[in-house]
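Participant: got a predicted model here, sequence first, then my questions.
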Amino acid sequence: AVIGTANAFVANNNNGSGNGIAVYSNAGVSFLPKHHQQQQRRRNDAATLFMAADPIKVTMPALSSTMKEGKIVSWLKTEGEEVSAGEAIMVVESDKADMDVEAFEDGFLAKILTGEGESAPVGDVVALIASEESEIAEVAASGGDAVEVVSADAAPAAAEAPAAGFSVPVNEIFMPALSSTMTEGKIVSWLKSEGDAVSSGEAIMVVESDKADMDVEAFDDGYIAKIYTQEGETADVGALVAVVVENEEDIAAVQAGPAAAPSAPAATTAPAASAAPDCEFSLIDMPALSSTMKEGKIVSWLKSEGDAVSSGEAIMVVESDKADMDVEAFEDGYLAAIITEEGESSDVGKPVALIAAEEGDIPALKAYAASLAGGGAAVAAAPAAAAPAPKAAAAPKAATPAKTLNTGGRIVASPMAKKKAEALGVDLSTITGSGPNGRITGADVDAAAKSGGAAPKKATEPAKPKYIPAPGVIAATPTARALAKKAKIDLSSIEGTGEFGRVTADDVLIATGEKKAPKKARTTVSGEPAVELRNDMEPFSAMQRGVSKNMEATLSVPIFRVSRTIVTDKFDSLYQSVKPKGVTVSALLAKAVALAAEKHPVMNSNYDPSGGIKWNADINIAMAVAINGGLITPVLKNANERNILELGEDWKELVGKAKTNSLTPDEFQTGTFTISNLGMFGVSQFDAILPPGQGSILAIGGTTPVVVPDKSAVLGLKTQKQMTVTLTCDHRNIYGADAALFLKTLADIMENKVESLLL
């Protein structure tokens, strides 16, 4: 057995059969036969084997929610070539389509492990990238021998493991992989001492990885028999750090050391839900919605547990690092269990739900899903089972199911019931369900509507589900327990402010004086509540992380800027004439810029990392749009060829999608020239940051009335509207004269040839 969180890792099977190895992860436990051992060790020992040259591993990505392995169609780079972050390095054939795969870091392609035409499982290392050109030979040498040496190297390590050969059944605790780049971990603190009892899901140690300090939980009940890696010491990923026994009386046998002639330990019984049920079902994995996506957040489930789903039907909305997108089911069936709830995140490729082929298999799959989610659901179900059952629960299966009134939380209703409730104005929370497990049916909604159930919702909130910890257990987060132990504070003396009264880390820090208690709400002289300034750190959303990464990627690009003032009187008059037809200033600007770029094609080009200019036949104008919590650039494709009315309609639709996070990658990732307009905010002039993969971005300020000389005027003066535009260019493929001529053409179009915008 293994204790850990995050990525999957390998432990030797101690059941005495010698038939394989057990793989443990936060998604459950599985048993691999011998013919898969080498492949699994290759994945999990890669970091240890390659530490000498510190290479960057290129792994087979999950390009769809159903992809299990991928085939290398072609390598776009050869061994020894330089690669840049964001540059496509290979083409992979998944179970859906062929897609380019980009590099995430700069370096040199040192070794290709999976050749063209060969396949590899998702997550397998297919190539190695050296950080420096001088390290190519060293990385290539270590990478080429990795597959052959892993089995030989693993054997001595297993022989030296002090937990092997005990005369009692033991569960070994290994150093977990808490990130994809972690090769070793440091024990910050043990939350349990030798001899202490541990429960499944309870935090037992705090580990420092290469990313952060994280609590590590136990997967089995038992007792800490022996700690091999003490606080402050470091161990490689997969190395033994402690041993847990099932029975307290076995502690002495473990502390005495391994027996001289160990007998085969008794097979530990895995939780029943860990084994896949004997029925037909399919996993819904977190899909990769973009080439840079590492994890996704479930914004909402469009189906509830028990609902029927059809192939091609949207079942959930996922927030990636680019936008919110609907994810469809690939098979017909029933949504048996949801593993990742709304608002929670999951790594790409990890299961988030189960679909049953038959409705009768839903209960078995719910139990299985509890183990995939870490066993939390199964544990939480135990106290509920001890509660007194309602009278109707004693009825045999053939009897009519008892109706259940929803008292808060998820409302379980059929799709037909939800549609009818919305159409009839019926509040589902006020209806007692007559379906299986209290599920609300369409007939229940009809009956409620006839009996006057379409009344408005009550003002009172429905009762929230309550969590009651087991006797003697103090509800607290793992971090709070660690802090309380370090400060030697009794958790029972702290009032929890977390959900269900759980003691949080902040509660402990406030109790020790390390953090100030929240201030009381201030009021102004007028009596209105004052605006409270925040004093915390808010993690980036997926979109904000994507924007941050793109901005950082351009820091190394040599840029220059050119500004020009443009008279907008005729342009503004044209806008007023087409505004009633739904044409916006953004559409007119996109058209003007596209026509200017058509006369100066180099402005629509971009630098190619191979050392050249990438010419783009299509002029696709990306327009920066600020949305809640981020920035996105919807694209008006072929803006130079389309009429202004069509562009206006297209832009209105794109902005609507951007505000609802429903743009597809093709609608915001295909721009060849970008416009950023802050004129509507009263900004007179600004500089824009060049987007990755483009050669130009135009920053547009607001129009300002300016008094200028005019010989034909009575007083020799007149007022005209002017705006300042600033062009930022990549100096590797665009020169100053190119930018100046482009702005001259743009000014001529907007000042003298505005009629060309209507063609």
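Facilitator: Arrived safely, thanks for sending. Note that the structure is a prediction, hence the values are computed from the model and not measured.
Participant: residue 228 versus residue 174, what's the distance?
Facilitator: Going from residue 174 to residue 228 by CB to CB, to the nearest Å gives 11 Å. All C-beta spots, glycine's among them, are computed from the backbone N, C-alpha and C.
Participant: can I get the CA coordinates of the strand ranked longest in the chain in CSV?
Facilitator: The longest strand of the chain (DSSP state E) is strand 717-730. C-alpha atoms of strand 717-730 as CSV (Å, rounded to 0.1, in the frame of the first residue of the first chain):
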residue,chain,number,x,y,z
LEU,A,717,-8.7,78.8,-36.9
LYS,A,718,-10.9,75.8,-36.8
THR,A,719,-11.6,72.8,-34.6
GLN,A,720,-10.9,69.2,-35.7
LYS,A,721,-11.0,65.9,-34.0
GLN,A,722,-7.7,64.0,-33.6
MET,A,723,-6.6,60.7,-32.1
THR,A,724,-3.2,59.3,-31.5
VAL,A,725,-2.4,55.7,-32.5
THR,A,726,0.8,53.8,-31.4
LEU,A,727,2.1,50.8,-33.3
THR,A,728,4.2,48.2,-31.6
CYS,A,729,6.2,45.9,-33.9
ASP,A,730,8.6,42.9,-33.8
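Participant: compare residue 174 and residue 228 (neighbour count), which wins?
Facilitator: residue 174 (24 against 16; other CB atoms under 10 Å).
Participant: got the CA coordinates for the helix or strand hosting residue 241 in PDB?
Facilitator: Using DSSP states H and E, residue 241 sits in strand 240-245. Extracted as PDB, the C-alpha positions of strand 240-245 are listed here (Å, rounded to 0.1, in the frame of the first residue of the first chain):
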ATOM      1  CA  LEU A 240      10.200   4.600   1.600                       C
ATOM      2  CA  VAL A 241       9.600   7.100   4.400                       C
ATOM      3  CA  ALA A 242       7.500   5.200   6.900                       C
ATOM      4  CA  VAL A 243       5.600   1.900   7.600                       C
ATOM      5  CA  VAL A 244       2.000   1.500   8.800                       C
ATOM      6  CA  VAL A 245       0.600  -1.700  10.300                       C
END
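Participant: common neighbours of residue 174 and residue 228, please.
Facilitator: Listed as contacting both residue 174 and residue 228 by CB atoms under 8 Å, 6 or more residues apart in numbering are 240-241.
Participant: ok, back up a step: buried set for the longest strand of the chain?
Facilitator: 721-730 (16 or more other CB atoms under 10 Å).
Participant: residue 498: which of those residues is nearest?
Facilitator: Nearest to residue 498 among the buried residues of strand 717-730 is residue 728, at 47.1 Å by CB to CB.
Participant: beta-bridge partners for that closest one, please?
Facilitator: Judged by DSSP bridges, the bridge partners of residue 728 are residue 561, residue 697.
Participant: against residue 557, how distant is it?
Facilitator: 10 Å.
Participant: overlap in contacts of the two?
Facilitator: Joint contacts of residue 728 and residue 557 (CB under 8 Å, 6+ apart) are residue 690.
Participant: which parts of the stretch 451-600 of the chain are helices?
Facilitator: 478-487, 505-512, 542-553, 569-578, 585-599 (DSSP state H, counting those that start in this stretch).
Participant: what's the helix or strand where residue 140 lies packed up against?
Facilitator: Here residue 140, judged by DSSP H and E, is contained in helix 136-144. In terms of contacts (3 or more CB pairs under 8 Å, 6 or more residues apart in numbering; DSSP states H and E), helix 136-144 is packed against strand 107-112, strand 125-130.
Participant: got the angle for that helix vs strand 107-112?
Facilitator: 40 degrees (axes from the mean of the first three to the mean of the last three CA atoms, to 10 degrees).
Participant: give the buried residues for helix 136-144.
Facilitator: 136, 138-140, 142-143.
Participant: likewise stretch 600-609?
Facilitator: For stretch 600-609, using 16+ other CB under 10 Å, the buried residues are 600, 602-607, 609.
Participant: do the same with stretch 495-508
Facilitator: Neighbour-count burial for stretch 495-508 [16+ other CB under 10 Å]: 496, 502-508.
Participant: got the contact list for stretch 743-759?
Facilitator: Under CB under 8 Å, 6+ apart, the answer for stretch 743-759 is 562, 564, 566-568, 570-571, 573-574, 578, 588, 591-593, 595-596, 599-600, 643-644, 725, 727.
Participant: for it, measure first residue to last.
Facilitator: When the termini of stretch 743-759 are compared using CA to CA, to the nearest Å, they are 21 Å apart.
Participant: would you mark the buried spots in that stretch?
Facilitator: 743, 745-747, 749-750, 754, 757.
Participant: which one of these sits closest to residue 617?
Facilitator: residue 745 (19.3 Å).
Participant: please give the element, helix or strand, for the closest one.
Facilitator: Assigned by DSSP H and E, residue 745 belongs to helix 736-752.
Participant: check the offset of that helix from the chain's centre.
Facilitator: 43 Å (CA atoms, centre = their mean, to the nearest Å).
Participant: check stretch 501-520 too.
Facilitator: That offset, for stretch 501-520, works out to 30 Å (CA atoms, centre = their mean).
Participant: how about stretch 667-686?
Facilitator: Here the centre of stretch 667-686 is set off from its chain's centre by 28 Å, with CA atoms, centre = their mean.
Participant: ok, residue 282 touching residue 354?
Facilitator: Yes. With contact defined as CB atoms under 8 Å, residue 282 counts as touching residue 354 (7.5 Å).
Participant: what about residue 199, how many neighbours?
Facilitator: Every residue meeting other CB under 10 Å relative to residue 199 is counted, giving 14.
Participant: ok, now how distant is it from residue 171?
Facilitator: Separation of residue 199 from residue 171 (CB to CB): 13 Å.
Participant: tell me the contacts of residue 241?
Facilitator: So residue 241 contacts 173-175, 187, 205, 227-229, 235 (CB under 8 Å, 6+ apart).
Participant: please disregard the earlier target; I meant residue 659.
Facilitator: residue 627.
Participant: residue 693 reaches residue 88, doesn't it?
Facilitator: No. Between residue 693 and residue 88 there is no contact under CB under 8 Å: 10.7 Å.
Participant: when these two are compared, which one has more neighbours?
Facilitator: More neighbours surround residue 693 than the other of residue 693 and residue 88, with 18 against 15 (other CB under 10 Å).
Participant: how is the more buried one assigned, secondary-structure-wise?
Facilitator: coil (DSSP: H, G, I helix; E, B strand; the rest coil).
Participant: tell me the contacts of the residue nearest to it when sequence neighbours are not counted?
Facilitator: Excluding its sequence neighbours, the residue lying closest to residue 693 (CB to CB, 6 or more residues apart in numbering) is residue 606, at 5.8 Å. Contacts of residue 606 were listed using CB under 8 Å, 6+ apart, and they are 613-614, 616, 672, 693-695, 730, 733.
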